[in-house]
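> No sequence on hand, only this structure:
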């Protein structure tokens, strides 16, 4: 494969947000080359993905300074590029991925297929799998599981405190029915926890999210309260500072904003109006009055889109989100 093809496969394994962060540091010609390669990719095999990651690890190892290990080099590069918070989960995915190939391969599968594969496993195994996926994918998988197991799984995710090597071995055996790698030599991995549970719930459709939270509160009110404190909902955007709100509004299409505000609290509306010019605010008010009834599902989708943009800007360090009275990122 050419360098552009290897780069394309690597970016696809990172996910949209992380790939976008990498692309920001490339020049226009390189972006065009890699983008063309990504568009041309078809039927990428697991072996090809493993080969690209192995090649990357080898190349980075050859370029490290004397006396500095490859893993430490990767950690320093990613932390410097993305910051401690954002780099943390990515580092775990990269380093664990070399030995947890079965788990990593799930990220290439349809959510329904993953749910069918793990649906009959013990809730603790399901929790470990979902904690390793991106929040939006985990939320989709959760939606396909039986209602009776959803709250149990989310509560287990919220109470995870590191994953021991033997647990990763068991997951790989379940996913691939074979074991290879060096996970016994690794430290416990930071996956799961309250933030992971809150992120998954944030990514779910609103009605399912509310139903699941009610179930969790019924089973463990203290745990439910802790999860809710970390969840970030649309009306929490009213707590943004003015600079952050103005940066966010520049990213949101007018039609999306109008639909999202149909279900917003008055304080949220006024926060947005106050961060617009008088003319723009008046036009938005008029558009809201003229727009007829909107389905709750459409409002929810628009608000999720705004929240996704807010998180993307926060991950890039362009705005600061707050939730539950504390810093969110």
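Perfect, I can see it now. As the structure is a prediction and not an experimental result, all values here were calculated from the model.
> Domains in this protein, by residue range?
Under automatic domain parsing, the residue ranges defining each domain of the chain are 3-98, 103-230, 234-327.
> Need the winner for burial among those.
Each of these was assessed for mean neighbour count using mean count of other Cβ atoms under 10 Å. The highest is domain 103-230, with a mean of 18. (C-beta placed from N, C-alpha, C; glycine too.)
> what stretches of the stretch 51-200 of the chain score poorly on pLDDT?
Across the stretch 51-200 of the chain, the ranges flagged by pLDDT under 70 are 59-75, 77-78, 81-105, 107-108, 161-192.
> Please disregard the earlier target; I meant the stretch 201-329 of the chain.
Applying pLDDT under 70 to the stretch 201-329 of the chain flags the ranges 206, 229, 321-329.
> Tell me the gap between stretch 241-254 and the middle of its chain.
Relative to the centre of its chain, stretch 241-254 is centred 21 Å away, using Cα atoms, centre = their mean, to the nearest Å.
> what's the span of that stretch, first residue to last?
Using Cα to Cα, to the nearest Å, the end-to-end distance of stretch 241-254 comes out at 21 Å.
> cool, stretch 197-207 as well?
Taking Cα to Cα, the first and last residues of stretch 197-207 lie 17 Å apart.
> who touches it?
With contact meaning Cβ atoms under 8 Å, 6 or more residues apart in numbering, stretch 197-207 is reached by 130, 135-136, 138-139, 142-143, 154-155, 157-158, 209, 212-213, 227-228, 230-233, 296-297, 300, 304, 307.
> same thing with stretch 284-302?
205-206, 254, 256-263, 269, 272-273, 276.
> let's see it at 7 Å
Taking contacts as Cβ atoms under 7 Å, 6 or more residues apart in numbering, the residues outside stretch 284-302 that touch it are 205-206, 256, 258-263, 273, 276.
> Next: stretch 137-156.
The contact list for stretch 137-156 (Cβ under 7 Å, 6+ apart) reads 107, 111-112, 114-115, 119, 123-124, 126-127, 130, 133, 197, 200-201, 203-204, 208, 212, 215-216, 219-220, 223.
> three-state assignment of residue 42?
Reduced to three states with DSSP: H, G, I helix; E, B strand; the rest coil, the structure at residue 42 is coil.
> Could you check the pLDDT of it?
The predicted local confidence for residue 42 comes out at a pLDDT of 79.
> backbone phi and psi for it, please?
Note on residue 42: its backbone torsions stand at phi -140, psi 140 [degrees, to the nearest 10].
> Could you dump the contacts of stretch 284-302 into CSV with distance to residue 43 and secondary structure added?
Putting these into CSV (distance: Cβ to Cβ, whole Å; DSSP: H, G, I helix; E, B strand; the rest coil) gives the following:
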residue, distance to residue 43, secondary structure
205, 31, coil
206, 36, helix
256, 34, helix
258, 41, helix
259, 37, helix
260, 38, helix
261, 43, helix
262, 42, coil
263, 41, coil
273, 50, helix
276, 47, coil
